[in-house]
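In: prediction below, plus the sequence it came from.
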Amino acid sequence: MLMGQVFPHLRLRLSKPAQVANFLSQNLFSVLASTWPSPRNHTTPPVSTFISSPFWPSPSRFMAPSTLPRSSLIPSPLPNSVKELTNSASLRSVPPQYATRNPETTIDIEPIIQEEIPTVDFSLLTEGTPEQRAQVVRHLGKACEEWGFFMVVNHGIPESLREAMLDSMMEFFDQTEEEKGEYARKHVMNPIRYGTSFNSTVEDVWYWRDYLRVFVHPVFYSPAKAPPSFREISKEYTTSTRAMGMELLRGIWESLGLEENDMTKALDLHSCYQVLVGNIYPPCPQPELATGLPAHSDHGLLTILLQNGVNGLQVKHRGNWVRVEPLPNSFLVNTGDHLEIVSNGRYKSVLHRAEVNSQSTRMSIVTVVAPSLDAIVEPASQLVSDEHPMMFGGMRYGEFLERLQANRLKEKSMLDLLRLHAE
Ligand SMILES: O=C(O)CCC(=O)C(=O)O
Ligand SMILES: [Fe+2]
């Protein structure tokens, strides 16, 4: 391919081959991003054309050592993470590999609005009078039914523990790529996994997000390559958030008219699966071109989220995207696919997404409380009737999780596979 065809404007300013090579080696990210529209723009060559270009290594070549001869026209391999990419000096544009959006073609047709999100006073669930508890249970049920999303206040988890968890997670990400690489490119069900995007091995274009995923229950794991306090802090943090999640579930079962003992047994909640996920979204030079995480639902029963004071989460509510601005000291909680299954579609898992910004690194710490990996989950029989037919087929939770993680993240695609009737 001729240089002038790919970079027509270069002909005007750079004439000598050596100048062109030098310019490209220094500015390749900016040139590709600004000259080549996003791979999602169907008026441009498809992704396969991009990644077979001699100017840009394919993701699979990036995952394995490159066998191509190096020249000054071939950029060094793509970074292992967004953090590594943004640490490199003078990144002024989003490389095509991370350009998930083209603002000219992807006009957001769904408005983004500000709306008050329900708040649940946790202390009234555990220490309130029977009347107060009954009222909170009703409110919790309404929040699950109408929003699938709420803020929990007065939860009793010390601010110092939340801060320590955020600091420890940031220290994990601050390690070298070699240290973190110990957990990279692992099978999706590996108990400790580090990476970029959601599933970079199957995605053509990547999300502006790095993550660490650690299984913490029923068996507790912790990365050995981490700050020394990570183990102790994550153990305490996940134990307290699991207890909070279980108490919320107790209230949710009550709001659905289900017996706690039946649910604990059906979902084998003593061996519940819990995962701790750290997400970082470094500052992005062109936030309008990148996505932190696309619209998706979470797989478990409940997701409990803490962030580092930088906003970016949006939830879908009645067809609009709502920007989430959590109250100080609160936890954000959302309903997952398995609550939708168990409740036979009454409490739907909520769609949410993460946006990025150009100013500061955003970090979120997510913990998901879910059925046991071996539980076969189906709608609670008490919620199935002639009027409310069975909405979902059953599946072993571990299988659902593995299939979800092995594919691309897209709205509620995994749950939709189990749906027996259109909504
Ligand atoms: O970072 C966020 O706010 C959202 C993270 C998220 O949705 C997830 O990890 O599933
Ligand atoms: Fe999520």
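Out: Done, it's in. Numbering: from 1, shown residues only. Ligands and ions are numbered 1, 2, ... in the order given.

In: can you pull the contacts of the residue most central in space within the chain?
Out: With distances taken as Cα atoms, centre = their mean, the residue of the chain nearest its centroid is residue 293 (5.3 Å). Residue 293 is in contact with 198, 207, 209, 279, 353, 354, 409, counting by Cβ atoms under 8 Å, 6 or more residues apart in numbering. Every residue, glycine included, has its C-beta placed from N, CA and C.

In: run through the residues of the chain sitting next to ligand 1.
Out: 277, 279, 293, 298, 305, 313, 352, 354, 364, 366 (Cβ under 6 Å from any ligand atom).

In: dump those to JSON lines, plus pLDDT.
Out: Listed next are the residues of the chain next to ligand 1 as JSON lines, based on pLDDT from 0 to 100:
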{"residue": "277", "pLDDT": "98"}
{"residue": "279", "pLDDT": "98"}
{"residue": "293", "pLDDT": "96"}
{"residue": "298", "pLDDT": "96"}
{"residue": "305", "pLDDT": "98"}
{"residue": "313", "pLDDT": "97"}
{"residue": "352", "pLDDT": "97"}
{"residue": "354", "pLDDT": "96"}
{"residue": "364", "pLDDT": "98"}
{"residue": "366", "pLDDT": "98"}
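
In: now secondary structure too, for the residues you listed, in CSV please.
Out: Below are the residues of the chain next to ligand 1 laid out as CSV (DSSP: H, G, I helix; E, B strand; the rest coil):
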residue, secondary structure
277, strand
279, strand
293, strand
298, coil
305, strand
313, strand
352, strand
354, strand
364, strand
366, strand
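
In: between the residues you listed, which is nearest residue 150?
Out: Lowest distance from residue 150 to those (Cβ to Cβ) belongs to residue 305, with 11.3 Å.

In: so what's the residue count around the closest one?
Out: Close neighbours of residue 305, defined as other Cβ atoms under 10 Å, add up to 22.

In: contact partners for it?
Out: So residue 305 contacts 313, 331, 332, 333, 334, 364, 365, 366, 367 (Cβ under 8 Å, 6+ apart).

In: same thing but at 7 Å, please
Out: 331, 332, 364, 366 (Cβ atoms under 7 Å, 6 or more residues apart in numbering).

In: wait, is residue 264 part of a helix?
Out: Yes - under three-state DSSP, residue 264 sits within a helix.

In: of the contacts of residue 293 - the most surrounded one?
Out: Top of the contacts of residue 293 by neighbour count (other Cβ under 10 Å): residue 207, with 26 neighbours.

In: so where does that one fall, helix or strand?
Out: Using DSSP states H and E, residue 207 sits in no helix or strand.
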